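Visitor: After the sequence you'll find the predicted model.
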Amino acid sequence: MDFVRTTGVVFSIVCFHLWMAQSVPYISPEECSWELISEQTPDVSMVCSIQSLIGETEPANFSLTFPRRMAQLSIRCDNKLLRSELVNGSFKHLQLLQKLHVENCRFDSLPSDAFAGLSSLKHLVVKTLNSDWTDMSLQVSSTSFRPLTRIEFLDLSTNNMERLPANSLCGLDQLHFVNLTHNQLSSVGDIGFTTEPQCRLSIQQLDMSYNRFKALPERSFASLPSLKELRLSHNQIARAESGSLTGLVQLETLNLAHNGLIALASALFRSTPKLSKLYLRNNSLSALPPGLFNGLDQIVVLDLAHNQLSSLEWLGSDGPLHLHHLDLSHNRLARLDPDAFRTIVDVQSLYLQNNLIEHLESNTFALLASLHTLMLSSNRLKTIRSHSFVGLSTVTTLYLDRNRLEDVDADAFSDVSALQELNVAGNRIRTLDFLSSLTMLRSLDLSDNEIENIANASYQGLGHLYALNLMGNRIGNISRGVFSNMSSVRILNIARNGIRTIEQNAFRDVSELHYLRLDSNELEDVNNLFSSFHDLIMLNISANRIRWFDYALIPSGLQWLDAHDNQIELLGDYFNLGRSIRLRTLDVSSNRLTDLDATSLPSGIEIVLLSNNSIKRIQPFSFLGKHNLTRVDLTNNLLEHIDMSLVRVSETNSSRPPPEFALARNPYLCDCHMDWLQRLQSPSTTLDNEVGWQHSRVVDLPNIECRLAWPNGPQTRPVVDVKPWEFLCGYRSHCASQCHCCDFHACNCEMLCPDNCSCYRDHLWNINIVDCSTRGHSVVRVPVDATTVYLDGNDIGALTPQSFAGLQRVQTLFVNKSNIATVHGRAFASMTRSLRVLRLNDNRLATLADDVFAGLSTLNELYLSNNQLTSVSNRTFVHLDSLRVLHLDHNHLVEMSLRTLQGNVRLIDLRLGDNPWTCRCDFTQHLADLLRKRGDTMRDMSEVSCLYNATMTLRLSELNVTDCDKLAEATSLIEQIRFQPVRDVVSLFVNLGFVLLLLLLLGTVVVVLVTVIIYRRKVKIWPYGRCGLRPWYRPTIEEEKLFDAFVSYSKRDELFVAQALASELEFGKPAYRLCLHYRDLPTAGGYLSDAIHEAVESSRRTIVVLSENFVKEDWCSYEFRSAHCEVLHNSFDKLIIIVVGQVCHHELDSDIRAWMKHSVFLHWGEHNFWDKLRASLPKARQRSLPCSDITSMAVHI
């Protein structure tokens, strides 16, 4: 969209033609859509999506608009990279507009008259999303909102605003809601609230979450006397002055969660008597002052979770009296005093989880008569005594999970008789004699304890128990009667218990179960276990050792069965129950299934998971008749073939989508029966023409890979990339469709694949490949309907018309490398209408007769290279009207008629090289004519040469055709064809050229010298990297030192040095002797400085591996640092610095910067790193000591 059109769109949003009467329809820009707000009013709402808002000094002409029906307008910019601009008076004619949304438009200012004329506006949202761009901050004029006298709702969130001008909200008497979240506001004084009498605001809800406030000063919100809800969460508030909430007498909700408050002033809430909800979650409060909640008689919700509170003294006599919800979770409470909750007797929900509570005193909760939810999870409780829950007669939910409970008194819960949900999971409980008094209990979680015996458990007889969780215990076996008197249980979980046997009728007492988990046990047989269930809906028997399965084992009403990760080999249906059972979801993945048929799955199945089995065969139409089928997962099996009927289902009249199949990660063979799978990638492809069928959708088709049937070798590739003609099947015999006598043994029209050959065909027999390559054949009887024949690498000798008699469909024939010396005339007569490619190269052919290729009008490619051809008839290639490729190179041809090739008008690839062509002028003239007319077809002109005499061979491209007898004056043939002679011109500049050549040589010498000086380091490295030479190296006394290099590095980089750096230098070529700091030097005993000094003195070079770990850890050690500085002083020529990772240069001290300035400096991983490093090291010496001796010397140091 061009700039002018974009500009017009911006203002046509608010200036489009509306009807002049109700019968006239709305006209809107193409970027906008509109709809009536309701059927009772003609007012409309318009939504516009544009690239950006573009401002102009004189925007669109508003006089043409009729905006009386525009009530709501939403503008959204789609291109976040383009800047926008909101100009004054943009909406001044939309006087009846009530709602305006401007979102995602990147402008940095709201001008003074941006909303001029919008006197009826009640709802304004401006979201620039500048918070995504750190360089843009919305600047608001102090008079931007002044025209909005009826505004009630103002949303300025996500604008990256740093301040709101003073008095900018003055005069907005009806403003009730302000949203300033997700900005950069850092001071309450920058928000524009003022205490001036003439600017008293009526704001009731103010949300300033997700800003950068650090403190709340005195009288921060004194100008908001009507404020009822204040949200300041997710800021950085660390301090709130005692009078910061002065004036907020109507405040009901205060949210200061997710800040950095460390302490609160005792008088902080004195000015907020109506406060009912206070959120202080996720601060750093370690204590609360006495009297903090004095006067807060209406507070009902107090959230202090995720702080550092360690005592409840602040809940003393001055605590909130009418509190209903108290969250003290995730604090550091270690003990609960009996009188800690005496002032909050009306509390209904008490959250104390994730604290450090170790013991519950008697009567701790005695006064909490209204409590119904108590959370004590994740503490350190070890025992529960008989009077721990005195007074909790109304508690219905109690969580004691993830403690350290070992001992629970038998009457520990006698005072919580109304309890309906009890969770004691994740403890160390062994006995269950404490449950008998919980007659109203409906949910009991005993998972992950140490329970071994559940016979006569105290939960038996609990008439209201609905859900029982015993997962993760040590039950071992289930006997009859363990679930007696539990007829009300509907959910039972005994997974992960090591259960090996379950007695028959063990579940008879819980026959009304809806959900049963037996997974992750050691069951081998589930026969007759579930016969008593009538209402079971979900059953999980996964991760056991079950081998035998039949649908007769499960209740007929079961809808969900998980049996994955077992040893099931067959999905049996001996009694043909497939139509009567109601199973909808079946997971039998990770088993040992090998076969599937139509009886393997129930008729009503919807989801079946069969992945990670050993399925090799799926009978056709196995999923036919499964009308509810939605998803099948067959991934990770052993399927080589899939019949098309697998994904074919009956067509239904319902609107439900076709089933989804997942078939990837199987060892498919892309033979002729699998081509239908590849055609699925085209939605318009029809797999068959039968009416009444539809095909499923293969959801992972791009991920399906297969191997090709031919040619042999690693040919695995994605099925969507396989060409249609590559889906082939092997065969040994075939009866052509026109034959009717193949039922008789005497029939001779049956086609057999030749002995010791391989034959392949597609599913329609349009492609028939016979591969007899390199089999030693001299005579091969090829099937008459073959299309591609490979006879290369045999010993055929001669080709006669009888060799290929009857082969009328052959398109490609390979007879190369078959020792053929003779090709008789019309040897390919049977292929005149079909042959496209003929390969006769690499044989012993000497001559080609006139009619050897007669009638091959369809031949496109002919390869005769690497034969012994001495002559070719003038009419050999005359009849090849379709010839495009002709290779005659690498033969013994001396002369042939090149004019005849000009008749092959489609020729694009001609090769005549490496033949002893004659240098006679008539032949070279014919060659020149061919080049003039068809020069672009000669692919190997540079290889075409002629034999001038017994000792001289000339390239025909260097022979002068016009004077070819004078070889001394020969010029380029190609030059003669393409260019005019320039000899005279060149001779005029010979002398000048000589002078220029001298100047060029002189300049080259100067450039080389300057380059060597500037890049002397790279020049030094280059001969070493190329040839291993050191032309500048001179042996010194260093040759006698023990090590080639000492490597100093950080302890945290030891793995990198040992495996990457040292292994390459010590075991590469050439090999160096290295002394590694943490491998070879002593690290204890107080001799580090002496060891480093001795190591450097004993080494010809010192390598320092400079990393962030080296700088921030090892270099901070005085001994380590002083030892290096002392021994490396004035030895920079022997120092090599290797920088690893990101190291900030400005953080390095002066010593290391001096090293980097005067020594060899390398970056790990830079170009030619190893060549540069080895060139900087001294020449490696032949090792005279074994490695063990070297190590011992290092240890001695």
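Guide: Cool, got the structure.

Visitor: What residues are bridge-paired with Phe1043?
Guide: Note on Phe1043: beta-bridge partners by DSSP bridges are Ser1099.

Visitor: Use 25 as the first number for this chain going forward.
Guide: Understood, numbering begins at 25; the last thing we discussed is Phe1067.

Visitor: how about the longest strand seen in the chain: buried residues?
Guide: The longest strand of the chain (DSSP state E) is strand 65-74. Counting neighbours by 16 or more other CB atoms under 10 Å, one finds that the buried residues in strand 65-74 are 68-72, 74. (Each C-beta comes from the backbone N, C-alpha and C, glycine too.)

Visitor: Tell me the first helix or strand C-terminal of that strand.
Guide: Later in the chain than strand 65-74, the nearest helix or strand by DSSP states H and E is strand 94-101.

Visitor: Just give the strands next to that next one in its sheet, each with its orientation.
Guide: Sheet pairing for strand 94-101, using DSSP bridges, gives strand 65-74 (parallel), strand 123-127 (parallel).

Visitor: Contacts for it, please.
Guide: Contact with strand 94-101 is made by 37-38, 42, 61, 67-77, 108, 115, 118, 120-130, as judged by CB atoms under 8 Å, 6 or more residues apart in numbering.

Visitor: Selection in PyMOL covering whichever of these are buried, please.
Guide: Restricted to buried positions by 16+ other CB under 10 Å, the PyMOL selection for the contacts of strand 94-101 reads:
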select buried, resi 37+38+42+61+68+69+70+71+72+74+75+76+77+108+115+118+121+122+123+124+125+126+128+129+130
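
Visitor: hmm, back to that, with only the CA atoms kept, save the longest strand of the chain in PDB.
Guide: Output of strand 65-74 as PDB, limited to C-alpha atoms (Å, rounded to 0.1, in the frame of the first residue of the first chain):
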ATOM      1  CA  THR A  65     -30.900   1.200  17.400                       C
ATOM      2  CA  PRO A  66     -29.300   2.300  14.200                       C
ATOM      3  CA  ASP A  67     -26.000   3.000  16.000                       C
ATOM      4  CA  VAL A  68     -23.000   1.100  14.500                       C
ATOM      5  CA  SER A  69     -19.700  -0.200  15.700                       C
ATOM      6  CA  MET A  70     -16.700  -0.100  13.300                       C
ATOM      7  CA  VAL A  71     -13.400  -2.000  13.500                       C
ATOM      8  CA  CYS A  72     -10.500  -1.000  11.300                       C
ATOM      9  CA  SER A  73      -7.200  -2.700  10.800                       C
ATOM     10  CA  ILE A  74      -4.600  -0.500   9.100                       C
END
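
Visitor: circling back: for Phe317, find the nearest of the strands paired with strand 94-101.
Guide: strand 123-127 (41.0 Å; CB to CB).

Visitor: So which elements touch the very next helix or strand once past that closest one?
Guide: Heading C-terminal from strand 123-127, the first helix or strand you meet, by DSSP H and E, is strand 133-134. With contacts taken as 3 or more CB pairs under 8 Å, 6 or more residues apart in numbering; DSSP states H and E, strand 133-134 sits against strand 163-164.

Visitor: Domain parsing of this structure, as residue ranges.
Guide: 570-706+717-730, 753-935, 1059-1220 (automatic domain parsing).

Visitor: Would you format those as a markdown table with distance to Leu292 included?
Guide: Shown next, in a markdown table, are the domains of the chain (distance: least, CB to CB, whole Å):
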| stretch | distance to Leu292 |
| --- | --- |
| domain 570-706+717-730 | 55 |
| domain 753-935 | 84 |
| domain 1059-1220 | 43 |
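
Visitor: Ok, which of those comes nearest Leu380?
Guide: Going by CB to CB, the one of those nearest Leu380 is domain 1059-1220, 34.5 Å.
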